[in-house]
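Undergrad: generate a structure from the sequence data that follows.
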Amino acid sequence: MNRKVSESIVETVHIVRPNHLNGAERLFGGILMQWIDEVAALAAKRHSHRNVITASVDDLRFLKGAYQKDVIVIRGKVTYVGRTSMEVKVDSYVENIDGERVLINRAYFTMVALDGSDRPVEVPGLELTTDEERQEWERAKQRRGIRIHRKDNF
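TA: Predicted coordinates for the structure are as follows:
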């Protein structure tokens, strides 16, 4: 049974606190990476209805900094599925008091669904309902090809 992209969407909100800061008084990248990995896993779980593991992270880009008291919104969704794996796009934003969001980070996660014995298991197909979703799917296929090429040459 196929599932819609919209069924996988996860959004979390965090406030940057003093314990989240690095020596430069910015949000520590490792904290943000933890938060986005959790969102990717939740989106993949919503799609697959299975436990998942992170297989890889691509194009993890820190575009802007975040500072103490900033509100961080992290949004993830499944953009592509293979047989046992799923690509999850995760965008992170700083949200200002008016609700305007500024993109500070983007990453693409490959998540693998697991059965009860922690072995990869097939995932449902992905129903694409918008032009944007179809474009994301095509770009995800290109990224998948690059990942396979990189893995074969590792």
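Undergrad: ok, His14 to Asp37 distance?
TA: Note on His14: its distance to Asp37, by CB to CB, to the nearest Å, is 13 Å. Bear in mind the C-beta positions are built from the backbone N, C-alpha and C, glycine included.
Undergrad: where along the chain do the strands fall?
TA: Secondary structure of the chain (DSSP state E): strands located at 3-4, 10-15, 51-62, 71-81, 85-95, 101-114, 126-127.
Undergrad: hey, least reliable of these by pLDDT?
TA: For the strands of the chain, the weakest mean pLDDT is recorded on strand 51-62, namely a mean of 91.
Undergrad: now do the buried residues in that strand.
TA: Val52, Ala55, Val57, Phe62 (16 or more other CB atoms under 10 Å).
Undergrad: chain center to that strand, what's the gap?
TA: 7 Å (CA atoms, centre = their mean, to the nearest Å).
Undergrad: in its sheet, what does it sit against?
TA: Using DSSP bridges, the strands paired with strand 51-62 are strand 101-114 (antiparallel).
Undergrad: can you tell me which residues contact Ala107?
TA: Ala107 makes contact with Ile36, Ala40, Val57, Asp58, Asp59, Leu60, Arg61, Lys89, Val90, according to CB atoms under 8 Å, 6 or more residues apart in numbering.
Undergrad: tabulate these in CSV, adding columns for distance to Leu103.
TA: Below are the contacts of Ala107 laid out as CSV (distance: CB to CB, whole Å):
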residue, distance to Leu103
Ile36, 13
Ala40, 17
Val57, 17
Asp58, 17
Asp59, 13
Leu60, 13
Arg61, 9
Lys89, 12
Val90, 11
